[in-house]
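Student: Sequence below, structure please.
(2 chains)
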Amino acid sequence: MDNPIYQDLHADGLISDNSLQNIRKKYSSPLFSLHWELKTLLYIGVMLLSAGLGILIYKNIDSISHQVVLIFIAAISTGCFFWCNKLKKPFDYAKVESPNSFFDYILLLGTLSFLTFVGYLQFQYEVFGTNYGLATFIPMVVLFFIAYYFDHLGILTLAIANLAIWMGVSVTPKDLLAYGTFDNESIIYTYLVLGYVLLAAAHFSKRLDIKKHFFFSYHHYGVHLAFIAILAGYFLHDFVPSLIWLVVFGITAWFIYKDAFGSRSYYFLLLVVLYGYVAISGLVTRALLELDNEAILYLGLMYFIGSAIYLIILLIKLHKKLKAL
Amino acid sequence: MIIYNKTWLTNLLLIDGVEKEHQDGLITDTELKNIKEKYPVGFYSPNIFVRVGLILLTMVISGCASGLLSLMMADSTMVTSYGWLIFLGILNYVALEVMVQNKFHFRSGVDDALLWISGALWVSAFAWAVSDRYYSEDFSGVYLVASAFVCVLSSILAIRFADMLMGLVAYLACLVFVFFAWQKIGAWGTATMPFVLMVFSGLSYWVVRLKLNHPKTVYYTNSMTVLQAGTLLTLYLAGNYFVVKELGDELNGTVSESIPFGWFFWGWTIGLPFIYIAFGIKQKNVILLRTGLLLITAAAITFRNYHHVMPVELALILSGAIALGISYAVTRYLRTPRHGFTCEELNKEDLMDELKVESLVIAESFSDTAQPVADQGIKLGGGHFGGGGATSDF
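Tutor: Here you go, the predicted structure:
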């Protein structure tokens, strides 16, 4: 169907005979890809199965058959792992392509049933006793191990989420009622530490060449957590001490900015610019509020108009600069 | 009509096609470079990340500028009338025209934001004006004129700026207009409503498909794609058992046990997704296929809502296993391409790759499963709170 266009291009001498032949061949037997449809179906299948298993346990938790359920789930989990282990390619520090998408989702199913299994064990038999730190630490380690051993990005992100849970446990007092809010210093520090740990993990995966492609997942969560934690700390403190947080922000942002240029990532560049804008606007707004004058509303609005126009120009410039690299 | 430079749009279509061949390795680098030089595109259209940033910043500017203007005019009575919203809408629209015509922005984020802001301001102004006038009368009159206004306005904007979502809004507004206009007929109108909406959706789909390769729609490929999906969805929903029954009850103010022609609507609810899929496979049409797959879920949920044949966990496990089984079987079957179908990924999307969307979706949907221990900890010891917050940030 696109052939007339390519024939014109060929007539103009813009496409060689060889290329035209290739394109003709492609359009004479067009292929229709079902790749994403099948992948979505796999995803839905795993989601439904793990949800179903979860409910199955929940309903049978007090009945006699709970040991049967336990064995059933353990069997699914081991079956998945066994199958994946048989099929997987040998471990390597570089990226190992998975055999197919079915492999990825069976591994995910195995991992999820493993988590359900551990959760059930803890609930029913309290294998970890009241040591909740350990009860989240072990699944986390297992998740990281699976992510690296089988080279699975999805499970890596699950492991990162579990790392957050584990750190939340070990730092916050158990009776604390704040549910992930940022009005408490120790929570902010936890998030900050977690953010920096993830940023360091991202840095070293790239630097030491250990599963380099895991960089994005670590960096993504690290950047968001670190910036959100610093901004929360900044807005929590009074005007003058909050300036220290601003300095911390500046240093962190500088490193992430450099890295975004190094890895040519528009995404992280945008994050630095937008989070930076929030920080600077926060400073200006708070400084204006200190003035306590009627004109502050006008000044504030004018600041936002001017700064946003400047930022648009900056973004367009940075985009060009990054494109030219 | 269309505001953008047509030569550039044509070139852009050509370049997009050529770049696909280049990705498949059918065209060499120098050939691509030469073609790009011969067919220049002068638009400023940055990638999605910059676009998102520009959308946010343009919204900040537009909002603050409107605020500043209103503040300066706060003493006059002008600000408290709908005319002020029309005025602000005009300002935004002028900015939009200037950015597009002088700065050549094309889907850059700046034009997206200004387009939607001016549209929203005008619609709010219209709703304000109409609700003042119709306040004492019945509200369906307001809906009728409002949907007509939205339809006309968004059609004009969709044609001028070739915006796909604006096109969808125009279609949906038109559908809403048909709904309220037909309702005016009375009891007979309410009774035949599903069929009217089905016919309207079906006709719209047919027209869109018919005009797909029309020379006039060549710059509207995205809009046409979205319209196809939209019309197919409304065609299904118009005859979906749940929608028909609940909407009928709503309109008649009744609580019904069953509906007339129930067998027809059940057939429609269950059968249509499979018809979509069958045609999608036969015509190798992605839109039909994906809409059909999506609607199977809708059919399953509708069925479960009225017939409880098995407990929910069994239904989940069974359907999950079936989904995995089908996916596995099809993948095995298509290991070598057959009948023009393959399970390989043909063109890799750069964006999906850069954001690692798949892994983020997995983390988003399964991190609940990842913390059963922590959940139980809350029940037993009442602790582990920080973790919940960590995952909800994303």
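Student: rest of the way, CA atoms for contacts and neighbours
Tutor: Will do.
Student: Could you check how far residue B:114 is from residue B:321?
Tutor: Look at residue B:114 and residue B:321: by Cα to Cα, to the nearest Å, they are 47 Å apart.
Student: helix, strand or coil for residue A:158?
Tutor: helix (DSSP: H, G, I helix; E, B strand; the rest coil).
Student: Residue B:114 and residue B:321: which has the busier surroundings?
Tutor: residue B:114 (24 against 18; other Cα atoms under 10 Å in any protein chain shown).
Student: Looking at the strand or helix carrying that one now, give me its mean pLDDT.
Tutor: Using DSSP states H and E, residue B:114 sits in helix B:110-134. For helix B:110-134, mean pLDDT rounds to 87.
Student: Number of residues surrounding the closest residue to residue A:70 other than its chain neighbours?
Tutor: Leaving aside its sequence neighbours, residue A:70 sits nearest to residue A:117 (Cα to Cα, 6 or more residues apart in numbering or on different chains; 6.8 Å). The tally of other residues near residue A:117 (other Cα under 10 Å) stands at 23.
Student: what's the pLDDT at residue A:117?
Tutor: For residue A:117, the predicted pLDDT is 83.
Student: didn't it look like it was pressed against residue A:75?
Tutor: No: in this structure residue A:117 lies outside contact range of residue A:75 using Cα atoms under 8 Å: 10.2 Å.
Student: helices or strands next to the helix holding residue B:114 in the packing?
Tutor: With contacts taken as 3 or more Cα pairs under 8 Å, 6 or more residues apart in numbering or on different chains; DSSP states H and E, helix B:110-134 sits against helix B:48-72, helix B:82-102, helix B:139-161.
Student: Give the buried residues for that helix.
Tutor: B:110-127, B:130-131 (16 or more other Cα atoms under 10 Å in any protein chain shown).
Student: what's the burial count for the residue in the stretch 1-150 of chain B that chain A sits nearest to?
Tutor: Here the residue of the stretch 1-150 of chain B nearest chain A is residue B:61; by Cα to the nearest Cα that distance is 4.7 Å. Residue B:61 sits with 20 neighbouring residues when counted by other Cα under 10 Å.
Student: show me what contacts it?
Tutor: Going by Cα atoms under 8 Å, 6 or more residues apart in numbering or on different chains, residue B:61 touches A:304-306, A:308-309.
Student: Give me the nearest residue to residue 46, chain neighbours excluded.
Tutor: By default, I'm working from chain A. Closest to residue A:46 by Cα to Cα, 6+ apart is residue A:109, at 5.8 Å.
Student: actually chain B
Tutor: Nearest to residue B:46 is residue B:108, by Cα to Cα, 6+ apart, at 5.8 Å.
Student: show me what contacts the residue nearest to residue A:70?
Tutor: Contacts of residue A:117 by Cα under 8 Å, 6+ apart are A:70, A:73-74.
Student: Where does it fall, secondary structure wise?
Tutor: Going by DSSP H and E, residue A:117 is part of helix A:101-125.
Student: Residues of the stretch 151-300 of chain B that sit close to chain A?
Tutor: Contacts of the stretch 151-300 of chain B with chain A, taken as Cα under 8 Å from any Cα of the partner chain, map to B:284, B:290.
Student: What ranges does the stretch 151-300 of chain B have for its strands?
Tutor: Counting by DSSP state E, counting those that start in this stretch, no segments of the stretch 151-300 of chain B form strands.
Student: Closest residue of it to chain A?
Tutor: Closest to chain A within the stretch 151-300 of chain B is residue B:284: 6.7 Å, counting by Cα to the nearest Cα.
Student: list the contacts for the residue nearest to that residue when sequence neighbours are not counted?
Tutor: The shortest distance from residue B:284 to any residue other than its chain neighbours is 6.7 Å, reached at residue A:32 (Cα to Cα, 6+ apart). Contacts for residue A:32 were tallied using Cα under 8 Å, 6+ apart; they are B:284, B:340-342.
Student: helix/strand/coil for residue B:1?
Tutor: Residue B:1 carries the three-state label coil when classified by three-state DSSP.
Student: what's the span of stretch B:203-222, first residue to last?
Tutor: 20 Å.
Student: Please identify the buried residues of that stretch?
Tutor: Residues of stretch B:203-222 classed as buried by neighbour count (16+ other Cα under 10 Å): B:204-205, B:208, B:212, B:217, B:219-220, B:222.
Student: do the same with stretch A:309-316
Tutor: A:309, A:311-312, A:315-316.
Student: now swap in stretch B:232-250 and tell me
Tutor: Under 16+ other Cα under 10 Å, the buried positions of stretch B:232-250 are B:232-245, B:247-248.
Student: now do stretch A:292-299
Tutor: A:296-297.
Student: Look at the residue of the stretch 1-150 of chain A found nearest chain B and report its pLDDT.
Tutor: Using Cα to the nearest Cα, the single residue of the stretch 1-150 of chain A nearest to chain B is residue A:45, 3.9 Å away. At residue A:45, the predicted lDDT confidence score is 82.
Student: tell me the contacts of it?
Tutor: With contact taken as Cα under 8 Å, 6+ apart, residue A:45 is in contact with B:319-324.
Student: elements contacting the lowest-mean-pLDDT helix or strand in chain A?
Tutor: One helix or strand of chain A scores below all others by mean pLDDT, DSSP states H and E: helix A:3-11, with a mean of 70. Secondary-structure packing of helix A:3-11 (3+ Cα pairs under 8 Å, 6+ apart): helix A:17-28.
Student: Tell me the helix or strand right after the helix it packs on.
Tutor: Taking DSSP H and E, what comes next after helix A:17-28 is strand A:32-33.
Student: Give the pairing partners of that next one; include direction for each.
Tutor: strand B:341-342 (parallel) (DSSP bridges).
Student: So in terms of bridging, what pairs with the residue nearest to residue B:284?
Tutor: Beta-bridge pairing of residue A:32 under DSSP bridges involves residue B:341.
Student: Per-residue pLDDT of residue B:198, please?
Tutor: 92.
Student: So it sits against residue B:240, correct?
Tutor: No: counting by Cα under 8 Å, residue B:198 stays clear of residue B:240, with 10.2 Å between them.
Student: List the buried residues for stretch A:141-155?
Tutor: Those buried within stretch A:141-155 under the rule 16+ other Cα under 10 Å are A:143-144, A:146-155.
Student: returning to what we had before: got the buried residues for the helix holding residue A:117?
Tutor: So, applying 16+ other Cα under 10 Å, buried residues of helix A:101-125: A:101-120, A:122-123.
Student: Looking at the contacts of residue B:61, which is nearest residue A:7?
Tutor: Closest to residue A:7 out of those is residue A:309 (45.5 Å), distances taken as Cα to Cα.
Student: Phi first, then psi, for the closest one.
Tutor: phi -60, psi -50 (degrees, to the nearest 10).
Student: Just give the closest residue to it, not the sequence neighbours.
Tutor: Among residues not flanking residue A:309 along the chain, residue B:61 sits closest, at 7.1 Å (Cα to Cα, 6+ apart).
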